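A.B. asks: predicted coordinates and the sequence they were generated for:
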Amino acid sequence: MFKKSFWITVISLALALTSSAQVVYKNNIGISFGGGLHSNQLSLDKEGENNPRFGWIFDMNYRHMFGRHVGWGTGLGISYYKSNFCYDDLLVTSQQVHRHNNLVYESKSHLSGWTESQRTLNIEVPLALYIVAPLNEKWQFLSGLGGKLMLPVWNRYHVIDGEMEATGYFKETNIEYHDLPKHGFTKYHNFYGSSDIKAITCAGFVDLGLLYNLKDNYSLYMGAYASYTLLDLTKKSEKELYNGKEYTGIASSNLTDGNRLMAAGVKVGFTFGYPKVRDSIRYDIPLMAAYPYCDPEIKADTKLTELTDEAREALRLAKIQRMREDSIRNEQEKARLAQEKIEKEKEEFEKVRYALSWLNRHLRVDVLSDRGVVEPNIDNDEQIKVLAEYIKANPNKMISVTGHSCNKGKEDYNIRMGKRRAEAVKEVLKDAGIPEKNIRVYSKGSQEPIAPNNTEANRRKNRRIVISIQ
């Protein structure tokens, strides 16, 4: 049931993205570089550890959008994989013939703390389906799903840690030889060479990312990727890891049943898109719908079955022209409405800014009464009305009212005086229709004077109210 619902959802989304007629399509060229965990996933016969290491990927992609949201793409890339294979305690045995006396002996190789690093460089050719979904004016979601051919061009192994002790057991003499470097029976610590990995394989991959439009058709890409090969790079080998003469590498030995590449990481890049205009016509619309936009000679012929090829072409071109003109008019109207909105907001902002400036310069509060009273002024009500209308239109805005005082008396007293002034203005704002939840009251006391407190005139300047909107 889940699988059925999933595929119904996917198909419905694809149909929704491709159902509308399109006018402008874009081809994109992208360059990206990234890194993450890249691993050779070996299937090991004997117990061992496979530790992925950091790898990188570089690719160049071409995407052709055959719909507004859907397209296909291909390209060329390079990827680097690295893994460490570890054996703490492994015994490898094989039957060999000694090169000096031609006697058959049992070659034994004991590995302890053995760590081999496997590195692979590949050329990749991807083929994928892409879906682009705009999120807003700047951001777009980009996803890709597909497969890619992978050609290993460089394979190396390198033993970076551990010890291998090689010995030889001769049944005829019932003697096991140790520590004879001349005969190859000694301890080894380092091997390096090429792995026998040459097969072309294919992998499935998925990309998920975001495009940020810098300007025009230039975008910055940020995303994540994952891939996994569908076929083994190597077949079951008959070679021993060490046969008493040469070391073959774990990936090329009979310890390995299969080898697949796995990658997951993040990448960033740059995308250049260029538009290619195509006229897309909904041919299921009757040709008669285009008559109002055609020449009088064509309009007079009302029998569709008698239309010549030239007349049909004229109808089609006329409809295309009308669609273009309608599109231009719609864009112009949108631009005009947007400009009007900007100008209106600017005008309202200037009125509010003037009202705040006027009230902060002229509003005074008499605090000799118990509560404090705003001194009457002919323009107080008009400017407070401007603030009330703005807050009603923007209920998420807050008005801050801060009371100040001169330096007469102790600071506790001055703080109370400032608070009484602010509370008195708050009551006036509430009476004007501003909700109490949109008003915050503060007091600074005598901490922020605007004039020296050396004359009564200056002290009166400091006994003031400051209103701001946040």
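C.D. replies: Arrived safely.

A.B. asks: beta partners of V466?
C.D. replies: T402 (DSSP bridges).

A.B. asks: who touches it in this structure?
C.D. replies: 360, 401-402, 404 (Cβ atoms under 8 Å, 6 or more residues apart in numbering). No exception for glycine: its C-beta is placed from N, CA and C like everyone else's.

A.B. asks: drop anything exposed from these.
C.D. replies: 401-402, 404 (16 or more other Cβ atoms under 10 Å).

A.B. asks: tabulate the residues you listed (TSV), appending distance to L220.
C.D. replies: Output for the buried ones among the contacts of V466, formatted as TSV (distance: Cβ to Cβ, whole Å):
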residue	distance to L220
V401	45
T402	44
H404	49
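
A.B. asks: nearest to E163, out of these: which one, please.
C.D. replies: T402 (77.0 Å; Cβ to Cβ).

A.B. asks: you'd agree that closest one is up against I439?
C.D. replies: No: between T402 and I439 there is no contact, the gap being 11.7 Å when judged by Cβ atoms under 8 Å.

A.B. asks: so which elements touch the helix or strand where M164 lies?
C.D. replies: Here M164 sits within strand 139-170, counting by DSSP states H and E. In terms of contacts (3 or more Cβ pairs under 8 Å, 6 or more residues apart in numbering; DSSP states H and E), strand 139-170 is packed against strand 70-97, strand 104-134, strand 175-177, strand 187-188, strand 192-194, strand 201-215, strand 218-229.

A.B. asks: report the angle between the last one and strand 201-215.
C.D. replies: With axes from the mean of the first three to the mean of the last three Cα atoms, to 10 degrees as the criterion, the two stretches strand 218-229 and strand 201-215 enclose an angle of 170 degrees.

A.B. asks: quick one: buried residues of strand 218-229?
C.D. replies: In strand 218-229, counting by 16+ other Cβ under 10 Å, buried: 219, 221, 223, 225, 227, 229.

A.B. asks: wait, which of the residues you listed is closest to L127?
C.D. replies: Using Cβ to Cβ, those come closest to L127 at S227, 13.0 Å.

A.B. asks: shaky segments in the stretch 1-150 of the chain?
C.D. replies: 1-26, 45-46, 99-101 (pLDDT under 70).

A.B. asks: how about a cut-off of 80?
C.D. replies: Counting by pLDDT under 80, the ranges of the stretch 1-150 of the chain that qualify are 1-26, 41-50, 67-68, 94-105, 136-137.

A.B. asks: doesn't L387 fall inside a strand?
C.D. replies: No: L387 is assigned helix when assessed by DSSP: H, G, I helix; E, B strand; the rest coil, not a strand.

A.B. asks: count of neighbours near it?
C.D. replies: L387 has 22 neighbours, counted by other Cβ atoms under 10 Å.

A.B. asks: where does I391 land in three-state SS?
C.D. replies: helix.

A.B. asks: list the contacts of it.
C.D. replies: 397, 399, 434-435, 438, 469 are the contacts of I391 under Cβ under 8 Å, 6+ apart.

A.B. asks: and A314, helix, strand or coil?
C.D. replies: On the basis of three-state DSSP, A314 is classed as helix.

A.B. asks: that one and A133, how far apart?
C.D. replies: 38 Å (Cβ to Cβ, to the nearest Å).

A.B. asks: coming back round to it: so which of the contacts of V466 comes closest to S83?
C.D. replies: T402 (65.0 Å).

A.B. asks: check contacts around the nearest residue to L121 once chain neighbours are set aside.
C.D. replies: Using Cβ to Cβ, 6 or more residues apart in numbering and skipping the chain neighbours, the partner closest in space to L121 is W154 (3.9 Å). Contacts for W154 (Cβ under 8 Å, 6+ apart) come out as 119-121.

A.B. asks: for the closest residue to V104 other than its chain neighbours, grab the count of nearby residues.
C.D. replies: Leaving aside its sequence neighbours, V104 sits nearest to V97 (Cβ to Cβ, 6+ apart; 5.7 Å). Neighbour count for V97, taken as other Cβ under 10 Å: 10.

A.B. asks: so V97 touches E106, yeah?
C.D. replies: No: taking contacts as Cβ under 8 Å, V97 lies outside contact range of E106: 11.3 Å.

A.B. asks: tell me, how many residues neighbour V70?
C.D. replies: 14.

A.B. asks: quick one: it from E313, how far?
C.D. replies: 29 Å.

A.B. asks: quick check, K236 in a strand?
C.D. replies: No: looking at K236 with three-state DSSP, it is coil, so not inside a strand.

A.B. asks: please name the nearest non-neighbouring residue to it.
C.D. replies: D257 (5.9 Å).

A.B. asks: same thing with G48?
C.D. replies: In space, and not counting its chain neighbours, G48 is closest to Y87: 4.8 Å by Cβ to Cβ, 6+ apart.

A.B. asks: for that neighbour, list each beta-bridge partner.
C.D. replies: W114.

A.B. asks: N217: how many residues sit nearby?
C.D. replies: 14.

A.B. asks: hang on, isn't V159 packed against G193?
C.D. replies: No: between V159 and G193 there is no contact under Cβ under 8 Å: 9.7 Å.

A.B. asks: of the two, who's got more company?
C.D. replies: Neighbour count, other Cβ under 10 Å: between V159 and G193, V159 has more, with 22 against 15.

A.B. asks: give me the nearest residue to that one, chain neighbours excluded.
C.D. replies: In space, V159 is closest to F191, 4.5 Å off (Cβ to Cβ, 6+ apart).

A.B. asks: next one: F270
C.D. replies: That would be I31: by Cβ to Cβ, 6+ apart, it lies 5.5 Å from F270.

A.B. asks: now do the phi/psi pair for D412.
C.D. replies: phi -60, psi -40 (degrees, to the nearest 10).

A.B. asks: equivalent analysis for the one 4 residues further on, please.
C.D. replies: Dihedral angles phi and psi of R416 (degrees, to the nearest 10) take the values phi -70, psi -40.
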